[in-house]
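J.: Sequence unavailable; structure follows:
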């Protein structure tokens, strides 16, 4: 559902509160107690007797008390039945019959509200407020043609009556939606309807709110910034008339956002939902700004409030998933994305967010982790809509479509798997080298340890391994000297003996020489 459809529903809620009590500008049916045909005045319209008005005003007091205390199913039924009794007692009094439906509308009891509005029209076919509320229900159901027909009937039943003002306002809101979608004629028609409504009742706050939003839409949609000034002026007028009217602060927040005054915008949205705790749009806008600033706690709170108001809203659940992801609550994020799948499976951007969660937040960094993420992105691409394939700022802009982002993510996953495999191989080789180095270092340390122990033993005079007592170095030295002297003496003795043995031989040799010497004559 787009933003303008939400604005239409917002106006409907305001109408229910604004016209649920009192007789308004229209004359109700009247007669004596006990019913009968409604009495009419000279203008042909039903009139209200004093007795009927007094009875009606008593129920209005009960209505105000219940509204102040906070509506419950029990109080809704109780007040609605009191209005029904007044209507029956005073000839199907139109305003009492209508208020039955308005009470149920306030209490979000749709079926009972529709039945009550139809019952009013059965007795009073031109009842403008009943026609307007049924038109809004048609809009909520997507029946725009039926809604438009009812709004025309409501306006034609009294163009310049106060009861026509809500019909003009809702019609203008429909035209705003068409204008934003490209219907250029709708801008002027919407403005005409709102000016007509305000000409009849210049204090009708829903019309002032819608005129503010119309000028805002023109400034943004038609790129005419000067209309932001007009929007601000209408806001100021509305604020002066009713400073407690919450929707105008939501409009102010949107204006501030367009001016890039984000802090002020955030304050305006917060003020809106503080003044009206049921203002869904204000929670959503407040949450969106806080997400941009990574204010995940504040965003989570606002999305939860929005979901409490509209449990089946896709955007609120998606936003809560993003906020939870930012807070590290990945289980809640996955739960919310899966809820989106249940609510609107055709949108499929929830698949992209699930894949993102798988890759960036739940990934254990292993090949299996990246392969799981790759499959998740492939699932998204297989179901992606044409809208997901369009670049948000055109083909040449820096922003990418979700489809293109998914393609790039898949390539990243594939590269990561290859890189991890290569890194694991390198790590294995490095570990082997480290193990070898560690072993060599350990062996070296053992050798150094042994050398140190030996050195220590030598320094302390310790016996060699296997020895018993300490070594007497002086005794060893003396013994070595004695052994050396003995060896020397022995060598000398052997030399002398050999000399003695060789002496006769030498003599004989001398004699031989003498024999052989030549004789001299």
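T.: Nice, thanks for sending it over. Values in this document were obtained by computation on a predicted structure and should not be read as measured data.

J.: list the buried ones in the host helix or strand of residue 87?
T.: Assigned by DSSP states H and E, residue 87 belongs to helix 73-89. Going by neighbour count (16 or more other C-beta atoms under 10 Å), the buried part of helix 73-89 is 75, 76, 79, 80, 82, 83, 84, 86, 87, 89. To be clear about C-beta, it is placed using only N, CA and C from the backbone, and glycine gets the same treatment.

J.: how close does the last one get to residue 204?
T.: When distances are taken as C-beta to C-beta, to the nearest Å, residue 89 and residue 204 turn out to be 31 Å apart.

J.: Same check on the third one?
T.: Applying C-beta to C-beta, the value for residue 79 to residue 204 is 24 Å.

J.: what do you get for the second one?
T.: Separation of residue 76 from residue 204 (C-beta to C-beta): 25 Å.

J.: Going by residue numbers, what spans are helices in the stretch 1-150 of the chain?
T.: 3-18, 50-69, 73-89, 94-106, 110-123, 128-140, 144-156 (DSSP state H, counting those that start in this stretch).

J.: Identify the residues contacting the residue nearest to residue 198 when sequence neighbours are not counted.
T.: Spatial nearest neighbour of residue 198, excluding adjacent residues (C-beta to C-beta, 6 or more residues apart in numbering): residue 207 at 5.2 Å. Neighbouring residues of residue 207 by C-beta atoms under 8 Å, 6 or more residues apart in numbering: 165, 168, 169, 172, 194, 197, 198, 201.

J.: The fourth one: what's it in contact with?
T.: In this case it means residue 172. Per C-beta under 8 Å, 6+ apart, neighbours of residue 172: 189, 190, 191, 193, 194, 197, 207, 210, 214.

J.: give me that answer again for 6 Å
T.: Residue 172 sits next to 190, 193, 194, 210 when contact means C-beta atoms under 6 Å, 6 or more residues apart in numbering.

J.: same check, this time on the second one
T.: Residue 168 makes contacts with 193, 196, 197, as judged by C-beta under 6 Å, 6+ apart.

J.: so how far is residue 125 from residue 318?
T.: On the measure of C-beta to C-beta, residue 318 and residue 125 end up 44 Å apart.

J.: With neighbour numbers in mind, choose between these two.
T.: Using other C-beta atoms under 10 Å as the criterion, residue 318 and residue 125 rank with residue 318 on top: 21 against 11.

J.: so what's the backbone phi/psi at that one?
T.: phi -60, psi -50 (degrees, to the nearest 10).

J.: Which residue is the nearest non-sequential neighbour of it?
T.: Using C-beta to C-beta, 6+ apart and skipping residues adjacent in sequence, the residue nearest residue 318 is residue 340, 5.3 Å away.

J.: Report how many residues lie close to residue 236.
T.: The number of residues near residue 236, taken as other C-beta under 10 Å, comes to 13.

J.: so where does it fall, helix or strand?
T.: helix 226-241.

J.: Distance from the following helix or strand past that helix to the middle of the chain?
T.: Using DSSP H and E, the helix or strand that follows helix 226-241 towards the C-terminus is helix 247-258. Helix 247-258 sits 22 Å away from the centroid of its parent chain (C-alpha atoms, centre = their mean, to the nearest Å).

J.: tell me what helix 247-258 is packed against?
T.: Contacts defined by 3 or more C-beta pairs under 6 Å, 6 or more residues apart in numbering; DSSP states H and E place helix 247-258 against helix 205-221, helix 226-241, helix 262-275, helix 280-292.

J.: Redo the ones you listed as CSV? Include distance to residue 382.
T.: Putting the helices and strands packed on helix 247-258 into CSV (distance: least, C-beta to C-beta, whole Å) gives the following:
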stretch, distance to residue 382
helix 205-221, 34
helix 226-241, 43
helix 262-275, 37
helix 280-292, 28
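
J.: Make CSV from these and add mean pLDDT to it.
T.: Shown next, in CSV, are these (pLDDT from 0 to 100):
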stretch, mean pLDDT
helix 205-221, 95
helix 226-241, 95
helix 262-275, 96
helix 280-292, 95
